[in-house]
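Sequence and computational prediction follow.
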Amino acid sequence: MGGLHKGHSKLIETAQKTERERAPVVLVSVFVNPLQFSPTEDFNNYPRDLDKDCNLATASGASALWAPSVEDIFPNGPDSHIRVHAPKNLQANLCGVNRKGHFDGVATVMSRLLAIIKPNLVFLGEKDWQQLIIIRHLIKDLGLSIGINTIGTVRDQDGLAYSSRNSLLKAAEREKAILLPQLLKKAYSSSLQKEEVDISKINAELNNNGLRVEYLETVDPFTLQLVKPNKRPCLLATAIKCGETRLIDHTFLIARKPIIAIDGPAGAGKSSVTKAVASKLSLLYLDTGAMYRAVTWLIKKNNISHKDESSIRLIVKDLKIEFQTSQSNDQQVMVNNYNITEEIRSPEITNLVSQIASIGAVREALTAQQRNMGKLGGLIAEGRDIGSSVFPDADVKFYLTASPKERAKRRALDLNNRGFSVLNIQQLEKEILERDMLDSNRKISPLKKAKDSIEVITDGMDIDQVINLLIKLFYTRVPKEVWPKD
Ligand code: CDP
């Protein structure tokens, strides 16, 4: 809506730098949308300075700025055009309560802008979180093939979130207003420390300091339905009046850093994809398959039969599996301080591992170790039961798969690269399917697609396409504000 500031600069710069387009054309649209203001709101008073906007957009790398008139967007007046209604559920709380019709106005204009511009990608700020969620729904429900990239809320040095309306604040009001980001930041830290966040106390503190609270609520970040403040993650969002100026801001209350769960059958490309996503998003990489392989190796080395449960129980009890990063950045698997990275990938271990992985004592011990490693989050784990059993509360769950033929082909390539010869690819496909069968039919935590996981079928996709897709989907579930790594 214009009144461009540093938050917009960051959006434009991010769009300009996006890797997905080689030479992106970045169009900045400026349109103060009459449909999203009620008669009592500040449509006439909304900050407008087109010359300043043009300068800022150019300096930030925009290719063009488009400031259409109301007639450009609605040639026969708004009443002659299709109106779009934002979902009722998504406007039942937060700004939807007092700004009746606001999000319908946003959705209507947004669909007109998208229809006229036909962008490949739209860049939106997370500052207006409720609007962002509604626009995501709009694009999905209208079946538009337009991607969305977001940026976390950009703040001024004093912590106040950049907003066009900040220019309406008088100096004394601005001083008062910074209490808002301070309290939100404190709430965020408390949530990470697992301390309680007292909403009524924050409410009172704002009101007592001359910031009139319109709402201060905790909602689910994606459904936007009210939740208790101790639910994690949740969105703590607020609108206040500072003098005559309405300001909104929010924070996320989280219990830990994000966790990604990747499950899927053998040879679907989980390891390479997981490793790359881990490095791009600065997450720890947890290869749980390597842990089951390590146990298999140990059992074999000690000549223990896979039927001898009591010996196996003893061996896994004190087992110390560690991952170390080598100088070449590869992950090394250590068992009781012995490097077994190469040995556990032999066909011999591969053919036995699923039997060992079906033993209750083994699963119990390894699941406990994995959960311990994921206590603080900040990790991406791959395996067979990560989303369904090890981390059922993972922020994003993927089920990565491909046709058996494709998986056998990839596995053969991988074996060849590691110096094993593959004579018969049909035989390899058969072995993969046998392992899938064992993994999917075992009694304890079998391989299955968790109900809330996103299935990604990778036939015909190269690895970079898969990685980019996963990162894009990650950021539909984890705000940039919480994990700004992309
Ligand atoms: O490399 P590939 O995908 O073939 O397998 P892996 O990830 O190294 O896992 C080897 C085996 O460990 C799987 O076939 C499963 O039997 C077992 N596994 C499991 O049961 N649960 C996990 N979370 C990970 C692996």
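Structure's in. What do you need?

Show the backbone phi and psi for the residue of the chain most remote from its centre.
For the chain, the largest distance from the centre (C-alpha atoms, centre = their mean) belongs to N303, which lies 44.6 Å off. When read as degrees, to the nearest 10, the backbone of N303 gives phi 50, psi 40.

how far away is it from S311?
Distance of N303 to S311, computed by C-beta to C-beta, to the nearest Å: 10 Å. Using the backbone N, CA and C atoms, a C-beta is placed for each residue, glycine as well.

What residues does the stretch 351-486 of the chain have near the ligand?
V353, S354, A357, G383, R384, D385, I386, R435, D439 (C-beta under 6 Å from any ligand atom).

Kindly recompute the last result at 5 Å.
Residues of the stretch 351-486 of the chain lying close to the ligand (C-beta under 5 Å from any ligand atom) are V353, S354, A357, G383, R384, D385, R435, D439.

pLDDT check: weakest of those residues?
Within these, R435 has the lowest pLDDT, namely 90.

looking at this, it is in a helix?
Yes: judged by DSSP: H, G, I helix; E, B strand; the rest coil, R435 forms part of a helix.

my read: it touches Q355, true?
No: assessed by C-beta atoms under 8 Å, R435 is found out of contact with Q355, at 9.8 Å.

Tell me where the stretch 1-150 of the chain is predicted with low confidence.
Low-confidence segments of the stretch 1-150 of the chain (pLDDT under 70): 19-21.

Strands of that one, residue ranges please.
Using DSSP state E, counting those that start in this stretch, the strands found in the stretch 1-150 of the chain span residues 27-29, 64-66, 121-125, 147-151.

Save these as TSV, and put in distance to A161 and mean neighbour count too.
Below are the strands of the stretch 1-150 of the chain laid out as TSV (distance: least, C-beta to C-beta, whole Å; neighbours: other C-beta atoms under 10 Å):
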stretch	distance to A161	mean neighbour count
strand 27-29	20	19
strand 64-66	23	16
strand 121-125	9	19
strand 147-151	12	18
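
Export those as TSV, with columns for distance to the ligand.
Output for the strands of the stretch 1-150 of the chain, formatted as TSV (distance: least, C-beta to the nearest ligand atom, whole Å):
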stretch	distance to the ligand
strand 27-29	44
strand 64-66	48
strand 121-125	33
strand 147-151	30
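
Figure out which of those is closest to F420.
Taking C-beta to C-beta, strand 147-151 is the member of the strands of the stretch 1-150 of the chain nearest to F420, at 40.0 Å.

Sheet partners, orientation included, of the closest one?
Strand 147-151 sits in its sheet next to strand 121-125 (parallel), going by DSSP bridges.

what's the burial count for S145?
Neighbour count of S145, defined by other C-beta atoms under 10 Å: 7.

Apologies, that question was intended for K320.
A count of nearby residues for K320, using other C-beta under 10 Å, gives 10.

do you know how far it is from F123?
47 Å.

Alright, that wraps it up for me.
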